[in-house]
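Novice: sharing a model prediction with you, sequence too.
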Amino acid sequence: MEATLLISIASTFFFAIVAIALSMKSDKNNSGDKLDSQPAKNKDEYLHMMVHELRAPLTSIKDSSELLLSIRSSLKEEEQEQFMKIINRQSKVLLEQIASILDSARIESGTFVLFKKKESIQDIIYEKIKLFEAPAEKKNITVSSHIEGPIPTVSIDGLRIGQAINNLLSNSIKFTPAGGQISVTAKVSGGNIEVAVKDSGVGIPKENQKSIFTKFYQVKTAGRQEEKDGSGLGLYIVKKIIDAHHGKVFIESEEGKGTSMCFVIPMESEETKVDTRTIPIKTAQFTLPN
Amino acid sequence: MNIIGTLIIDMKILIVDDDESLTAIISTALEKEGFTALTCATGRDATNRIKEDMPDLVLLDQVLPDVSGNIVLKQVKMDSATKDIPILMLSNFSQGEIVNQAIQDGAADYIYKYQVEISDIVNKVKDALKPPAEPTNL
């Protein structure tokens, strides 16, 4: 078990270093990215921030494994389990952050490629909501979906659209207080498919809304303390994925009331066919216990 | 509240960090050495808890969700009731000016979390709690 653990930690370190190197390289090479128009001081701040974001989970992994290796015999069984869970959880956090940095690097170097095929957005939504059951339950947040169907299957990169929905849901869970609600809606409007993730969270001040999809942008206001746990890349990646699908992203938000983040992607008629499953207004809902 | 060699009796250490994983790790390591570990996650909580609990030492993270660790440090050191509590700063940033400022403002030490072993943190806590050596009369 310990050998596997150490291999896992070593691999994570390796990927972290590669991710930072790639990200820095792409920042340097890319002349069109907004980051390059920032003063050098901001670049240093971004680098510091990125390093901090990677160091925090790595430090927890290092310290947990150290405790397990050095004083394991004096740790109770539940304490041992607690530290193994920390290693497991923080490794996942780190891998997600590394994936975001690598995606960001791919976007900027022009190697971000979509693999499109006909897929059902509603299936992707259900799958993603399922993934967020546990974190939502932890905060006693109700997550529901409202699909106004039938939604045609469209030619999309399902993994990337799933990643966009994933990032939007993750953001909503992070900034919605305990007992809140999140809904994911999808519908056809004109020649487009609209997907919106709406929450009853802390909201985003008006002056910050236009920059919210910018790389590394983080809103520093009371109630958004958890912002520091993120890489500042999640919404930037959402926008880039939707841009690559020739779509658009929108935000509506009111401080203290909540936020609705929406994306619209065109249905290219020659690539679509209507999903024959009849789901007039499909509502999947789970209400979590108090 | 005494430290005799490595024997710690009723010593309270307040850990101020919003990283739940890290506070759990440091708490366990300190408790295994006999300390009582208290935790809080924000600068504002820290200022209140330090006044209420009067810990023997504070481990204070530099990056907190509401105010910076250096601001909390200044407030504690300006209050006559709490100014003598040793404060060890914790950080994952290595920015010289912030470190120098913290030392100037009265931090007992500055620990880069990513550089040290967890046992080093425990040893630094023990060192900071040792009474100053008595001057020897020749």
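Specialist: Yep, it's here. Numbers count the residues shown, from 1 in each chain, chains lettered A, B, ... in the order given.
Novice: can you name the residue of chain B nearest chain A?
Specialist: B:Pro65 (3.2 Å; CB to the nearest CB). Placement of C-beta: from N, CA and C, glycine included.
Novice: for B:Leu30, see how far away that residue is.
Specialist: 23 Å (CB to CB, to the nearest Å).
Novice: more neighbours, these two?
Specialist: Legend: neighbour count by other CB atoms under 10 Å in any protein chain shown for B:Pro65 and B:Leu30, higher for B:Leu30 (25 against 18).
Novice: that one - nearest residue in space that isn't next to it in sequence?
Specialist: Among residues not flanking B:Leu30 along the chain, B:Ala37 sits closest, at 4.7 Å (CB to CB, 6 or more residues apart in numbering or on different chains).
Novice: how about the residues of chain B by chain A?
Specialist: B:18-19, B:21-22, B:24-26, B:28-29, B:32, B:42, B:63, B:65-66, B:92-93, B:95, B:113-114, B:117-119 (CB under 8 Å from any CB of the partner chain).
Novice: report the buried members of those residues.
Specialist: Buried subset of those (neighbour count, 16 or more other CB atoms under 10 Å in any protein chain shown): B:18-19, B:21-22, B:24-26, B:28-29, B:42, B:63, B:65, B:92-93, B:113-114, B:118.
Novice: mind checking which of those residues are in helices?
Specialist: B:Ser21, B:Leu22, B:Ala24, B:Ile25, B:Ile26, B:Thr28, B:Ala29, B:Ile118 (DSSP state H).
Novice: if we go by neighbour counts, what in the strand or helix carrying A:Leu68 is buried?
Specialist: Using DSSP states H and E, the element containing A:Leu68 is helix A:40-70. Across helix A:40-70, burial judged by 16+ other CB under 10 Å covers A:43, A:46, A:49-51, A:53-68.
Novice: so who does residue 68 touch?
Specialist: Using chain A here. A:Glu2, A:Leu75, A:Gln80, A:Phe83, A:Met84 (CB atoms under 8 Å, 6 or more residues apart in numbering or on different chains).
Novice: not what I meant, chain B
Specialist: With CB under 8 Å, 6+ apart, B:Ser68 has these contacts: B:Gly43, B:Gln62.
Novice: next, count neighbours for A:Met261.
Specialist: Using other CB under 10 Å, A:Met261 has 25 neighbouring residues.
Novice: partner residues bridging it?
Specialist: Under the criterion DSSP bridges, A:Met261 forms beta bridges with A:Val197, A:Ile251.
Novice: give me the distance between it and A:Leu95.
Specialist: From A:Met261 to A:Leu95 the distance is 24 Å (CB to CB).
Novice: same thing with A:Ser144?
Specialist: For A:Ser144, the distance to A:Leu95 - CB to CB - is 29 Å.
Novice: can you check A:Asp103 too?
Specialist: Relative to A:Leu95, A:Asp103 is positioned 12 Å away (CB to CB).
Novice: tell me which element B:Lys74 falls in.
Specialist: helix B:69-78.
Novice: may I see the buried residues of that helix?
Specialist: Neighbour count says helix B:69-78 has B:Gly69, B:Asn70, B:Val72, B:Leu73, B:Gln75, B:Val76, B:Lys77 buried, by 16+ other CB under 10 Å.
Novice: show me the contacts for A:His245.
Specialist: A:Leu114, A:Ile156, A:Asp157, A:Arg160, A:Ile161, A:Ile265, A:Pro266.
Novice: can you give me the pLDDT of the first one?
Specialist: At A:Leu114 the predicted local confidence, pLDDT, stands at 88.
Novice: residues contacting the residue nearest to it when sequence neighbours are not counted?
Specialist: Leaving out its chain neighbours, the residue that sits closest to A:Leu114 by CB to CB, 6+ apart is A:Asp157, at 4.0 Å. Contact partners of A:Asp157, counting by CB under 8 Å, 6+ apart, are A:Leu114, A:Phe115, A:Lys116, A:Ile241, A:Ala244, A:His245.
Novice: reformat the residues you listed as CSV; add secondary structure.
Specialist: Below are those laid out as CSV (DSSP: H, G, I helix; E, B strand; the rest coil):
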residue, secondary structure
A:Leu114, coil
A:Phe115, coil
A:Lys116, coil
A:Ile241, helix
A:Ala244, helix
A:His245, coil
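Novice: thank you, goodbye.
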